[in-house]
Structures are given as structure tokens and as C-alpha cells.
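Undergrad: show me how the following folds:
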Amino acid sequence: MTKIIYNGKIYRGRGLFCGALRIDGGKISAAGEAEELLAAAPAGAEKIDAGGALVLPGFHDSHLHLHWLGRRFGMVEGTGAASVEEVIRRGRELISRLKPAPGTYVQGAGVNPDLFTGEKRDLTRDDLDKISTEHPVIISRHCGHTIFCNSLALRMAGLADSAPDVEGGTIEKDSSGRPTGVLRENANGLARKNIPEPTKAQMKENMKRAMEKALSLGITSMGTNDCQGPDFDDVVEVYRSIFTDGEKDSGTGSFLRITLQCGISAKEQYLNELKERQIATGKVLWESADRGIFLRMGPVKLFMDGTLGGQTAWMKQPYRDKPETSGFPVLDPGLLEALIKKAAAWGYQVVVHSIGDAAMEAVISAMEQVTSAGSNPLRHGIVHCQVTSRPQLERIARNRLLALVQPIFLADDVYILEDRVGPELAATSYAWGSMERLGIDVSYGTDAPVSNLDPIQGISWAVTRQDPQRDFYPPGGFYPGERVDMAAAIDRYTAASAYSAWEESSRGRIAPGCWADLSFIDRDLFSLPPTEIHRARVIRTMIAGDTVWQV
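TA: As a prediction, this is how the structure comes out:
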């Protein structure tokens, strides 16, 4: 069926707009002005009045954790908590509301002690014991790389009175050697090992809830790190079930395009198993006859270090505000290089979580073993790419490494970056403007649920580098030379992000031949004052020409 979208401001690329689109078979077949396209429309064509909205390609979040986002709906929500006491109160309220049986794990996420208004400290076992002593309680820091455990959770993990050393992780202890309840990086698994994995039915509901949230924000596709190796088949089965249900419902509901980023930890066997089963980057895992590919294998994913907020990101120099540590690698650099070489030899795209400048150095050096100046045919990339020096950025550009970044991270890190690394290194970090000028292939995302899923909030941070929730702090913007303009921000959230998933020929742009995956915005982002960008809202989301969400 032919559809005509008219009465909109339709973005086709930097400086290029039109007023109408024609859609045939779910794909854009023409772009022009309303009078022309309406006059040429066949009898019976559906005519959709955009109501003056700004029409963009559907947003593609280049890196997040969709299942984790869905699981957050039943957890203690730490985002926005202003104190230890508020986290405790929220935990008690959750238990009172859900009434889990004694012995059932109570989980939470999103806590950011750096933004507490009072004492800025991690939560301890004694704090979480105030939530419950009958339930094992585990709450993660907003980054997900540090967890806080109550005494019962520690006891169930065998960590209540003493704890072993953990390679690539830490179990913090008090002066007597007793674990405090704070576990970082690879130590997290010791406390989490007894938590029952969700059933497939629970996974499905979690993912559907998260998909519906994404669609309401104009996100039509994403690169999501939901599988960690052994759970690959379960994750794929659940996604296929969701898409099969969506097909029966004529494409409405929980139905968006997924590129799987498959974590392999540091286990070579997981990579070997993918190869043996011929599950390579780009493999189609579910496809609709009418709407195209909805599930495909993307890159394998590795972790090099932790997070800036948790002070586990691996730095070349000690932290300015914690000089006893420089963070640490969670993966041996030699093993990183060996895994990248092996994956590349087998044709896999590889992306690596890297935040600190020492981690960046190790990852760039490893990737230079499988790339060359101007050539990165497998599109290897660096996820987060936060704390960087100018020479590192130049090496990234020279080897055409992808940078999968999250502008929304500054919503938290603008308040801690200089304290952590000093102003000199802060000036060359979160360097999105420099990345543009160097020609780096940059894509935008959120790492949700680590940060706010809303692309418009990410765009606001990329363009202003100011906090709209705190009177646009800092005045003039945080290192304003690293701001980007609106066209760059939108392109990085659409066309460039589609490129990171190898789908630039079929989506990410409003052009003939591309799927009509579209996001309708209630105001013109290109003419808004920068201080108004964050107020914009999505009013309609389309996938393959079908409206899948609408105000």
C-alpha cells in the first residue's frame, strides 16, 4: 500500500529538507513536496498529516543493554536518589509493595553516590541491612560495574567474613579485613552467582517492556549487548518469539530492529563456539518478508576496564581524587590482542569497552594489529571512548576505528571528570567535536539503563554540553570546543549509528530505497534555542511505514 506523509519538515541530511514522503512496500520511494506527491498518489493511498512535525530517520542507539533495561522495572530504582537514606527508603518501599518471600533476592540499580547532595559515599552492607536482613539485597552503582551487598547477600556468597583476591576486580574490606559489601568489576560475579536467572517468559516480558519504552522515544533500531556467550540461544529464541508475535499483530507493538552485540568475556571458547556454529557478524537471525531484517548478529564484545565513576577505569596516572589507585584492566592486554586477532581472522567485528586512557592505549594498540592507515574493513570499534589524549584520537582516526559514544554520560560525569583526571586530560576527553573534525566514524547511544534512554536528551548534551536539569551548568558549556551542531548530532544518532551495524544502505537516512523507519518530533530541533532542545518530544514512531507508537 502507498502512503504519503505530508505537512512535515523532513530531514534528509545536512541542510536538506522536504515537505513530503511517499512510502511503498514499507520503503521510501520518493521525497519531495506535498503538492507533487499527493497529486501523483494512486487511488486509495493512505495520507498521513505530520501536523508540522520534524520528521527524522528513526533513532539507532548504537550501544545499550535492552534486557537489563527491562529488568529494571522490578528493581529498586536508584536513579535520582540524593542520599544513602533515600536509597534505603526506596528499597523498603519496594519490598513493602512487592512482598517478596524471605530469602528472595532484592536487586536495584542506578545509584550514583557522586550526585548525592549530602555525604558522597558508596553504600555498605550496614546500609543495605537497613533495607532488609531477611532478603539478600544487591544494588548496583549506575555504571553497573560496582555493586553494594547486604550481609545476607555476602553470607550466601561465602563473603561475609573474609574474601579472596579477584583478578580484574576488588572486594573492599575494612581495617579488620571484613568485607564492607562493596564489590567492583570481576568480583561482582561472586555475589551474583546465586541469583536465579530469569525464565524465558520473564525475559520476554522484560524485553517487550524495554522495546515499548524505546519506541516511545523514537528509537527504531539498536545495538544491544544482551548475550554473554552461553545464553546466546535463549536470547535469540526470546527475540524471535517477540518478532513472531509482532508479525501476527501486523507489525504493531514491541517490534524494532536489533543488532546483537555478543559478550564473550575473556573466554576464547565462546568465540570458538560461535565460529563452529557459523554465527558470524552480519548473520540474519530473524527477518520479516514485508518489513526486512529485525534480528542479526553484530560484533563480539570485550571489556578492557571499568568505569570513571567507580574509579575502576584504567588510567595512565593515579586518580587525582584517589591517588592510591589508577584503576585496573579487567582483561590482560596480551589476551585482548590475541582475541582480537583471532576474531578478525574469522571475520568478526569486535567492539571493546574502554573508558580510561590506559585502557584506550591498550585497545588502540591491539586493534592496530588488525587495521591499517585508512583501512578497517571489519569496522572494529571502541565503546564509550571517554578519557582520551589528542594522540590517541589521531590514531583512532588514522585507523578508521569506530567510536560508539554516549553524550548523555556527561549528565553525571560533568561533575566529576576534572576531579578524577585533572583539567588537562579532561580537555581532550568526551571529545565529540574533535572526533568530528578528525573524521572519526562516531555513533551515538546511551548504554541504557546506565543512562537515560531518550535520544533527545543525548542530543541536547552533544550540542550544549550543559545540564538542563541544573540551570544549564556549566555556563558556556563543558569545554565548549567539543560541542557539535544539530545536524552532526542527529546524523550520529541515525546514519552513522546504522553504519556501526552495517545497515547504512537500508536505514538511518530518509532516502529512496531505505526502510521508512521514522521518528516524528513535536518541534523543530534545528530552529530551537539550545536551551529548549531537551523539551522536545517524540509524537509518532514508524517502522517500515507502520505506526508502532503514537501519542
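Undergrad: can you tell me the closest non-neighbouring residue to residue 417?
TA: Leaving aside its chain neighbours, residue 417 sits nearest to residue 426 (4.8 Å; criterion: C-beta to C-beta, 6 or more residues apart in numbering). The way it works is simple: take the backbone N, C-alpha and C, and place the C-beta from them, glycine included.
Undergrad: got a list of contacts for the strand or helix carrying residue 147?
TA: Assigned by DSSP states H and E, residue 147 falls within strand 146-149. In this structure, residues lying in contact with strand 146-149 by C-beta atoms under 8 Å, 6 or more residues apart in numbering are 111, 122-125, 127-128, 136-141, 157, 159, 181-185, 188, 191-192, 306-307, 309-310, 312.
Undergrad: now those residues: which count as buried?
TA: 111, 122-125, 127-128, 136-141, 157, 159, 181-185, 188, 191-192, 306-307, 309-310, 312 (16 or more other C-beta atoms under 10 Å).
Undergrad: which of the residues you listed fall in strands?
TA: Judged by DSSP state E, strands contain the following of those: 111, 137, 138, 139, 140, 141, 181, 182, 183, 184, 185.
Undergrad: now the two most distant members of those.
TA: For those, the farthest-apart pair by C-beta to C-beta is 137 and 185; their separation is 19.9 Å.
Undergrad: how many neighbours does residue 391 have?
TA: Using other C-beta atoms under 10 Å, residue 391 has 11 neighbouring residues.
Undergrad: with residue 458 instead?
TA: 27.
Undergrad: one more: the one 5 residues further on?
TA: By the measure other C-beta under 10 Å, the count of residues near residue 463 is 23.
Undergrad: that one: what's it in contact with?
TA: Applying C-beta under 8 Å, 6+ apart, the residues near residue 463 are 483, 484, 485, 486, 489, 530, 533.
Undergrad: state the distance from the third one to residue 532.
TA: Put plainly, it is residue 485. Distance, residue 485 to residue 532, using C-beta to C-beta, to the nearest Å: 16 Å.
Undergrad: tell me the mean pLDDT for the lengthiest strand in the chain?
TA: Secondary structure of the chain per DSSP E: the longest strand is strand 292-303. Here strand 292-303 scores 97 as its mean pLDDT.
Undergrad: mind listing the strands it pairs with, and their directions?
TA: Here strand 292-303 has these sheet partners by DSSP bridges: strand 257-263 (parallel), strand 284-288 (antiparallel), strand 350-354 (parallel).
Undergrad: which among those strands is found nearest to residue 371?
TA: Taking the strands paired with strand 292-303 one by one with C-beta to C-beta, strand 350-354 is closest: 10.6 Å.
Undergrad: how about the nearest residue to residue 271, chain neighbours excluded?
TA: residue 264 (5.2 Å).
Undergrad: same check on residue 42?
TA: Closest residue to residue 42 apart from its sequence neighbours, by C-beta to C-beta, 6+ apart: residue 2 at 5.5 Å.
Undergrad: cool, and residue 524?
TA: Excluding the flanking residues, the one nearest residue 524 by C-beta to C-beta, 6+ apart is residue 54, at 5.0 Å.
Undergrad: which stretches of this protein have low pLDDT?
TA: Residues of the chain that meet the criterion pLDDT under 70 lie in 250-254.
Undergrad: mind giving me the domain split of the chain?
TA: 74-192, 199-292, 300-487 (automatic domain parsing).
Undergrad: can you put these in CSV and add distance to residue 58?
TA: What follows is those, written out as CSV (distance: least, C-beta to C-beta, whole Å):
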stretch, distance to residue 58
domain 74-192, 25
domain 199-292, 3
domain 300-487, 10
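Undergrad: deepest-packed of these, please.
TA: domain 300-487 (a mean of 21; mean count of other C-beta atoms under 10 Å).
Undergrad: what's the spacing between that one and its chain's center?
TA: 13 Å (C-alpha atoms, centre = their mean, to the nearest Å).
Undergrad: phi and psi next, for the residue nearest to residue 417.
TA: phi -60, psi -30 (degrees, to the nearest 10).
Undergrad: who touches it in this structure?
TA: Residue 426 neighbours (C-beta under 8 Å, 6+ apart): 417, 418, 479.
Undergrad: from what I can see the residue nearest to residue 524 touches residue 12, true?
TA: No: checked against C-beta atoms under 8 Å, the pair residue 54 and residue 12 is beyond contact range at 12.0 Å.
Undergrad: give me the more crowded residue out of those two.
TA: Using other C-beta under 10 Å, the more surrounded residue of residue 54 and residue 12 is residue 54, with 23 against 17.
Undergrad: which positions within stretch 502-509 qualify as buried?
TA: Those would be 502, 503, 504, 506, 507, 508, 509, for stretch 502-509 by 16+ other C-beta under 10 Å.
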